[in-house]
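Undergrad: show me the folded form of this:
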Amino acid sequence: MKRIDFTCSSYCLKFKKPFETSTEIIEGRKGFLIYLKSDTGKTGVGDAAPFPEFGSESYTDAENAIKNIKLNLKVNFQDIETSIIHSLSNLDNLPALHHGFEQALLNLISKEKNISLNEILNETSKKDIKVNAVIGFLPPEESAKEAESLINQGYKTIKIKAGRSNFEEDYQCIKAVREAAGEKINIRIDVNGKWTLKEAVNNMRSLEPIKPEYVEQPVKNIINFIQLRNKTSIPLAADESIRTAKDAVDFIQRKAASVLVLKPMMLGGIIPVLTIKNVAEKAGIKVVITSSFESVVGRSMAVFAASTVKENVAHGLATGDYFEKDLFSNPYPVRNGIISLATH
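TA: Next comes the predicted model:
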């Protein structure tokens, strides 16, 4: 590929109904499709879906960067990963845009060389991926009904959004879900960093009888994670605290969390995610891959990342059904709580 041309288009996806968390009410998502075309006529596409509330650049920042972008895209087929990292280094502070260009480049290379992502990135994929469902801010009775519906759809793991100003409201919802789900369903609790250390210590003590699989991002920073880890028997998961490879290495080396929740769109693409995943797995730390409410294009990279995780954990990939209409039909539907890659 002697020359690679770039074009892009914007998109806006509306949710069927608003999704409420402790940080915001999400009504839809917008982003950009990145198109890269080689001099041989092959085209690769990638998704850049900024989500500043969860750690990326803003939509405006990405839009301005696209208008003024100056990249020298060169691919060394003898060392694809390194050449992509170097080619996109100007976008290192724009993770969503970095994701979009990286995905487009990988797709273009796959077509040019007629090889799979697994071959390019030297990864092996599982045939089936377990997926968790998510319950946003709902009253206890509605939370229980939603849990029953999700279990009837085949989900074995349910994540509950928490972090309300009054923990008792959180607790009643979580308790209602546990009672509706029974003991065989895994329950994850996602706080989005809303608790102080003191609140986290007290709240985790109240949650211990409910036996969560883990509590995700209960506090904001690594110091609080380490302090909390020594005061609870519930495993801790880090999400918003992991926004760079350095963040991840710090958490791994200091054993600050039992689980790392990795979002490709927030971390700049699949290459940094796989790097973190491999280091974490060697250290005996679990990895969960989740999407960021991006389009089906970007979600495909999260699905690929999840397929490479060795441990058979549930991943956060069931976000396609939130949209009134996605950009394209979903090639990875969730059936009985599983995404099957056997037919792909």
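
Undergrad: please count neighbours and contacts with C-alpha atoms only from this point.
TA: Fine.

Undergrad: where does pLDDT dip in the protein?
TA: Counting by pLDDT under 70, the chain contains low-confidence ranges at 343-344.

Undergrad: burial check on residue 165, number of neighbours?
TA: Using other Cα atoms under 10 Å, residue 165 has 11 other residues around it.

Undergrad: break down this structure into its strands, ranges please.
TA: Secondary structure of the chain by DSSP state E: the strands cover 4-20, 25-38, 43-48, 128-130, 133-135, 157-161, 186-190, 214-216, 236-238, 259-262, 286-289, 334-335, 338-340.

Undergrad: wait, residue 62 touches residue 51, no?
TA: No: counting by Cα atoms under 8 Å, residue 62 does not reach residue 51; the two are 10.5 Å apart.

Undergrad: hey, what's in contact with both of the two?
TA: Common neighbours of residue 62 and residue 51, using Cα atoms under 8 Å, 6 or more residues apart in numbering, are residue 96.

Undergrad: what comes into contact with the biggest helix by length in the chain?
TA: Assignment by DSSP state H gives helix 95-113 as the longest helix of the chain. By Cα under 8 Å, 6+ apart, the residues outside helix 95-113 that reach it are 32-38, 42-51, 56-57, 62, 84, 88, 91-92, 115-117, 120, 264-270, 298, 301.

Undergrad: related to what we said a few turns ago, dump the strands of the chain into JSON lines; add distance to residue 315 and mean neighbour count as well.
TA: As requested, these are exported to JSON lines (distance: least, Cα to Cα, whole Å; neighbours: other Cα atoms under 10 Å):
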{"stretch": "strand 4-20", "distance to residue 315": "19", "mean neighbour count": "15"}
{"stretch": "strand 25-38", "distance to residue 315": "20", "mean neighbour count": "19"}
{"stretch": "strand 43-48", "distance to residue 315": "20", "mean neighbour count": "26"}
{"stretch": "strand 128-130", "distance to residue 315": "6", "mean neighbour count": "20"}
{"stretch": "strand 133-135", "distance to residue 315": "9", "mean neighbour count": "23"}
{"stretch": "strand 157-161", "distance to residue 315": "9", "mean neighbour count": "24"}
{"stretch": "strand 186-190", "distance to residue 315": "11", "mean neighbour count": "23"}
{"stretch": "strand 214-216", "distance to residue 315": "13", "mean neighbour count": "24"}
{"stretch": "strand 236-238", "distance to residue 315": "13", "mean neighbour count": "26"}
{"stretch": "strand 259-262", "distance to residue 315": "9", "mean neighbour count": "25"}
{"stretch": "strand 286-289", "distance to residue 315": "5", "mean neighbour count": "24"}
{"stretch": "strand 334-335", "distance to residue 315": "11", "mean neighbour count": "18"}
{"stretch": "strand 338-340", "distance to residue 315": "10", "mean neighbour count": "20"}
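
Undergrad: in CSV, list those along with distance to residue 169.
TA: As requested, the strands of the chain are exported to CSV (distance: least, Cα to Cα, whole Å):
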stretch, distance to residue 169
strand 4-20, 14
strand 25-38, 18
strand 43-48, 35
strand 128-130, 29
strand 133-135, 14
strand 157-161, 11
strand 186-190, 13
strand 214-216, 16
strand 236-238, 21
strand 259-262, 25
strand 286-289, 27
strand 334-335, 30
strand 338-340, 31
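
Undergrad: out of these, flag the one nearest residue 142.
TA: strand 133-135 (9.7 Å; Cα to Cα).

Undergrad: thinking again about what came up before, which one of the strands of the chain lies closest to residue 280?
TA: Of these, nearest to residue 280 by Cα to Cα is strand 286-289, at 6.9 Å.

Undergrad: list the helices and strands that closest one packs on?
TA: strand 259-262, helix 270-282, helix 296-307 (3 or more Cα pairs under 8 Å, 6 or more residues apart in numbering; DSSP states H and E).

Undergrad: partner strands of the first one and their direction?
TA: To tie it back to what came earlier, the one meant is strand 259-262. Note on strand 259-262: by DSSP bridges, its sheet partners are strand 236-238 (parallel), strand 286-289 (parallel).

Undergrad: ok, residues contacting that strand?
TA: 235-239, 242, 248, 273, 280, 285-290.

Undergrad: mind splitting the chain into its structural domains?
TA: Using automatic domain parsing, the domain parsing of the chain gives 4-121, 128-340.
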